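1. 3D, please:
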Amino acid sequence: MNCDQLEEILNRGEDSNHQFKANFKSIDQLAVEISALANSDGGMIIIGVSDECDLIGISKKDVSRLNQWISNATSNKIDKQIFVKTEINICDKKRILIIQVPRGINKPYAVNRVDVWVKSGADKRRAPVEEILRLAQTSGFLYADESETETTVDDIDLDFFKDRSHTFYQEKIERLEIPIKTLLVNIKLMQNDKLTLAGLLLFGKNPEFVKPQFGIKATYFEGCEISGQKYKDSEIIRGKLINQYLDGIYFIKRNLRRIQGNQNFNAPGILEIPEETFSETIANAIAHRNYYIDSSIQINLFDDRLEVNSPGNLPNTINEENIKFGVHIERNPIMLYFLEKDPKFRYSGKGTGIPRVIKLCEEADLKVKFINDKQKQQFSVIFYRKSENC
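-> You can find the predicted model right below:
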């Protein structure tokens with residue numbers, strides 16, 4: 001980095017990726033700053049800068065001490081090793097030390113095995129337990145769908161499970177001669193005598209009684225903005241995941257317009273947004289949402305657009321651009337394994353869903369947008385309707 005580039009960064013001020021420090025007085029303080037960036041999106045720590053963003057510099061002795069601290073912090077103080085890059089710049093005859101911290105791939109990184117820090121804008125904060133779990137999930141260490149619930153084998157909808165298993169495996173469970181509990185454990189739908197989240201949401205009798213937050217809130221608002229209590233249609237969709245999927249599709253279909261296109265006069269008309277695009281989007285939301293976030297999927301329909309909002313931003317190195325080329329990470333592999341086998345669950349899978357949605361929208365001359373909102377912890381797909389009211 002040259003001095004002009006450094007000056008430009010200083011002029012912009014601190015943000016979630018750039019931290020300015022006059023100096024560090026303790027190795028723990030340094031470890032906290034490094035871990036916070038690694039637990040977030042990475043960035044740089046610029047040392048030798050005052051609170052007013054002026055260059056004040058550090059001494060050669062400071063550089064030697066800080067380099068030792070950096071080495072010790074990244075290999076010993078922080079519980080998983082982080083490989084950082086350092087750089088010394090001389091600008092206005094002031095010595096500046098720059099630490100480049102990569103986005104961590106083995107989150108969470110804890111200081112002294114206790115404290116997990118994350119960036120919050122230009123500041124930092126301790127992460128609560130729920131957020132630590134989400135960080136671990138992004139690294140593939142934890143899967144929410146394998147977590148235990150407070151339900152038991154008695155909460156399984158046994159007839160539904162037997163019917164679906166027969167569909168999946170082309171063989172009746174009774175012929176396997178395996179106790180139901182043993183079978184559920186073997187296929188990760190149960191552990192320690194408790195149903196896993198996957199077992200409950202896929203095959204539970206009434207999953208909405210135990211986990212009501214893991215449903216879909218569907219609303220057709222009047223106009224083009226969320227305004228008070230005015231809406232044309234609304235439904236809270238709960239129950240088994242396959243039923244949520246089907247009911248979510250039906251909610252959208254019953255509220256979309258149909259256009260005649262090139263069909264004859266007696267034809268029912270074509271949905272203004274192709275069904276395959278929003279059914280794929282709802283399937284993605286159900287299969288890949290972050291179940292460590294206690295909130296519902298949202299289907300919001302306006303006069304000018306359809307939004308499908310899924311809890312949790314895209315995991316790890318996935319972003320709005322590379323998903324268009326089929327890059328994907330399976331966040332809930334057990335749920336996805338069973339949902340993919342269900343003939344009612346129309347899901348392209350293996351990263352082909354988003355490219356398929358884009359292609360269908362292009363063919364229908366329909367604009368679609370993908371938003372990965374890290375602040376709201378939400379991923380959104382927006383289909384734009386042709387409207388004269390907005």
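
2. who's sitting farthest from the centroid in this structure?
-> In the chain, the residue that sits farthest from the middle, by CA atoms, centre = their mean, is K93; the gap is 45.1 Å.

3. any idea how far E150 is from that one?
-> Separation of K93 from E150 (CB to CB, to the nearest Å) stands at 65 Å. C-beta here means a position set from N, CA and C on the backbone, and glycine is covered the same way.

4. likewise for L66?
-> In terms of CB to CB, L66 sits 50 Å off from E150.

5. cool, Y291 as well?
-> Counting by CB to CB, the gap from Y291 to E150 is 15 Å.

6. can you check K211 too?
-> 10 Å.

7. more crowded one of these two?
-> K211 (18 against 10; other CB atoms under 10 Å).

8. hang on, I56 packs against K94?
-> Yes - counting by CB atoms under 8 Å, I56 does reach K94; the two are 6.5 Å apart.

9. list residues touching both of those two?
-> Jointly contacting I56 and K94 under the rule CB atoms under 8 Å, 6 or more residues apart in numbering are G48.

10. could you say what helices and strands the helix or strand where I354 lies packs with?
-> Secondary structure from DSSP states H and E places I354 in helix 353-363. Here helix 353-363 touches helix 275-288, strand 368-373, going by 3 or more CB pairs under 8 Å, 6 or more residues apart in numbering; DSSP states H and E.

11. now do the buried residues in it.
-> 353-354, 357-358, 360-361 (16 or more other CB atoms under 10 Å).

12. please apply the same query to stretch 211-220.
-> Within stretch 211-220, the residues that qualify as buried are 211, 214-220, counting by 16+ other CB under 10 Å.

13. hmm, who's touching it?
-> Residues contacting stretch 211-220 (CB under 8 Å, 6+ apart): 149, 197, 200-201, 207-208, 231-239, 244, 247-248, 251-252, 255, 282, 291, 294-302.

14. how long is that stretch from one end to the other?
-> In stretch 211-220, first residue to last residue: 24 Å (CA to CA, to the nearest Å).

15. pull the distance from it to the chain's centre.
-> Mean-position distance between stretch 211-220 and its chain equals 17 Å (CA atoms, centre = their mean, to the nearest Å).

16. same check on stretch 182-192?
-> Using CA atoms, centre = their mean, the offset of stretch 182-192 from its chain centre is 26 Å.

17. tell me which residues are up against that stretch.
-> In contact with stretch 182-192 (CB under 8 Å, 6+ apart) are residues 146, 148, 153, 156, 173, 176, 178, 181, 195-196, 198-199, 202-203, 334.

18. hmm, 6 Å instead?
-> If you take CB atoms under 6 Å, 6 or more residues apart in numbering as the criterion, stretch 182-192 is touched by 146, 196, 198-199, 334.

19. how is the closest residue to N255 other than its chain neighbours assigned, secondary-structure-wise?
-> The shortest distance from N255 to any non-neighbouring residue, by CB to CB, 6 or more residues apart in numbering, is to Y220 (4.8 Å). Look at Y220: counting by DSSP: H, G, I helix; E, B strand; the rest coil, its state is strand.

20. where does the chain have its least confident helix or strand?
-> Confidence across the helices and strands of the chain bottoms out at helix 173-176, with a mean of 72, counting by mean pLDDT, DSSP states H and E.

21. give me the neighbour count for F209.
-> 12.

22. that one: which element?
-> Assigned by DSSP H and E, F209 falls in helix 207-210.

23. what's the average pLDDT for that helix?
-> Mean pLDDT, helix 207-210: 95.

24. how about residues contacting the helix or strand harbouring E33?
-> Element membership for E33, per DSSP H and E: helix 27-39. Here helix 27-39 makes contact (CB under 6 Å, 6+ apart) with 19, 24, 43, 45, 69, 73, 77-78, 82, 101, 104, 107-109, 111, 117-119, 124.

25. buried ones from the residues you listed, can you make that a PyMOL selection?
-> A single PyMOL command selects the buried members of the contacts of helix 27-39 (16+ other CB under 10 Å):
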select buried, resi 19+24+43+45+69+73+77+78+82+101+104+107+108+109+111+117+118+119+124
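
26. out of the contacts of helix 27-39, list just those in helices.
-> Among the contacts of helix 27-39, the residues falling in helices (DSSP state H) are W69.

27. checking V308 next. Helix, strand or coil?
-> Three-state call for V308 (three-state DSSP): strand.

28. contact partners for it?
-> Per CB under 6 Å, 6+ apart, neighbours of V308: 281, 285, 299, 381.

29. for the residue farthest from the centre of the chain, give its distance to G57.
-> 8 Å.

30. what does K124 give?
-> K124 is 24 Å from G57, by CB to CB.

31. same question, G223
-> Following CB to CB, the distance that separates G223 from G57 is 57 Å.

32. looking at those two, which one has more neighbours?
-> Neighbour count, other CB under 10 Å: between G223 and G57, G57 has more, with 20 against 15.

33. surely S295 and P311 touch.
-> Yes - checked against CB atoms under 6 Å, the pair S295 and P311 is within contact range at 4.8 Å.

34. shaky segments in the stretch 201-350 of the chain?
-> Within the stretch 201-350 of the chain, the ranges that satisfy pLDDT under 70 run 228, 260-268, 315-322, 324-329, 349-350.
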